[in-house]
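A.B. asks: Predicted model, plus sequence, below.
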Amino acid sequence: AQSVAQPEDQVNVAEGNPLTVKCTYSVSGNPYLFWYVQYPNRGLQFLLKYITGDNLVKGSYGFEAEFNKSQTSFHLKKPSALVSDSALYFCAVRDPDRGAGRRALTFGSGTRLQVQP
Amino acid sequence: DTGVSQNPRHKITKRGQNVTFRCDPISEHNRLYWYRQTLGQGPEFLTYFQNEAQLEKSRLLSDRFSAERPKGSFSTLEIQRTEQGDSAMYLCASSFLSGFEETQYFGPGTRLLVL
């Protein structure tokens, strides 16, 4: 079965400092990996995805993520955090090798990012 | 903005009542997903449609739950004889399959509270 782990419930960072939100995954085949952000009382907003190709993926709002196959990780990063980045971040995985009928994403439990002014 | 929309945004009901939620996907998206999110957890898959066909259902989708997408556009999720454990945020997402790639775009969700 596919699974995602986000080992940190909360990450605190000062505005202007770099941030990292960690994600590790487990799938039987090659993973499709996603990051979403959720603001209070709102749905999830897509940030970026890794399907294939360059291990460093760039997404919305200055976020990027690095795919590391040997460590089965897909950590989210941003060089300089903003107070407005404070939100709940979810990593998700899909195993495309499980067949056309299995399209659902499996999400981690989320990491709350708090950026202090 | 022509994103995914969901109605109602909030629903309070008494245990044993039936509720129905609606999701309008992004225009021309052929896939539509339902997820459930409880407090402190990530979304969990319930079911998905390709056009009007329901292709997969999760074990979470008990007999009290039913979903439809009659014309391949909007979808409804009905919960019969609600229980307090059904209290959660119900999220809808849509996508357009292009080759092997698809990105799911989520609506704002319907928050259900069962008293």
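C.D. replies: Sure thing, it's come through.
A.B. asks: Give the ranges of residues in the chain that sit below the confidence cut-off.
C.D. replies: Picking chain A for this. Low-confidence regions of chain A, defined by pLDDT under 70, span residues A:97-102.
A.B. asks: try again with chain B
C.D. replies: Checking chain B against pLDDT under 70 turns up B:1, B:100.
A.B. asks: How about the residues of it by chain A?
C.D. replies: When proximity is defined as Cβ under 8 Å from any Cβ of the partner chain, chain B approaches chain A at B:4, B:6, B:31, B:33, B:40-45, B:48, B:55-56, B:58, B:91, B:93, B:100-109, B:111. To be clear about C-beta, it is placed using only N, CA and C from the backbone, and glycine gets the same treatment.
A.B. asks: hmm, which of those are the buried ones?
C.D. replies: Buried by 16 or more other Cβ atoms under 10 Å in any protein chain shown: B:4, B:6, B:31, B:33, B:42-45, B:48, B:56, B:58, B:91, B:93, B:102, B:104-109, B:111, out of the residues of chain B next to chain A.
A.B. asks: Tell me which of these fall in strands.
C.D. replies: Using DSSP state E, the members of these that fall in strands are B:6, B:31, B:33, B:44, B:45, B:48, B:56, B:91, B:93, B:105, B:106, B:111.
A.B. asks: And for stretch B:5-14, what's in contact with it?
C.D. replies: A:43, B:19, B:21-24, B:82, B:90-92, B:107-115 (Cβ atoms under 8 Å, 6 or more residues apart in numbering or on different chains).
A.B. asks: Residue B:90 and residue B:75: what is the separation?
C.D. replies: 11 Å (Cβ to Cβ, to the nearest Å).
A.B. asks: anything in contact with each of those two?
C.D. replies: Joint contacts of residue B:90 and residue B:75 (Cβ under 8 Å, 6+ apart) are residue B:34.
A.B. asks: Can you point out the helix or strand that includes the nearest residue to residue B:44 once chain neighbours are set aside?
C.D. replies: The spatially closest residue to residue B:44, leaving aside those adjacent along the chain, is residue B:36, at 5.3 Å (Cβ to Cβ, 6 or more residues apart in numbering or on different chains). Here residue B:36, judged by DSSP states H and E, is contained in strand B:31-37.
A.B. asks: Neighbouring strands of that strand in the sheet, and parallel or not?
C.D. replies: Paired neighbours of strand B:31-37 in the sheet (DSSP bridges): strand B:44-50 (antiparallel), strand B:88-95 (antiparallel).
A.B. asks: Just send those back as TSV, with distance to residue A:55 too.
C.D. replies: Shown next, in TSV, are the strands paired with strand B:31-37 (distance: least, Cβ to Cβ, whole Å):
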stretch	distance to residue A:55
strand B:44-50	27
strand B:88-95	24
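A.B. asks: Which residues of chain A lie near chain B?
C.D. replies: Applying Cβ under 8 Å from any Cβ, we find that chain A lies next to chain B at A:4, A:34, A:36, A:41-46, A:49, A:51, A:90, A:92, A:96, A:101-110.
A.B. asks: Could you give the number of residues near residue 59?
C.D. replies: All of this refers to chain A. 18 (other Cβ atoms under 10 Å in any protein chain shown).
A.B. asks: wait, chain B
C.D. replies: Residue B:59 sits with 7 neighbouring residues when counted by other Cβ under 10 Å.
A.B. asks: one step back: looking at residue B:90 and residue B:75, which one has more neighbours?
C.D. replies: Each of residue B:90 and residue B:75 has its neighbours counted (other Cβ under 10 Å); residue B:75 has more, 26 against 23.
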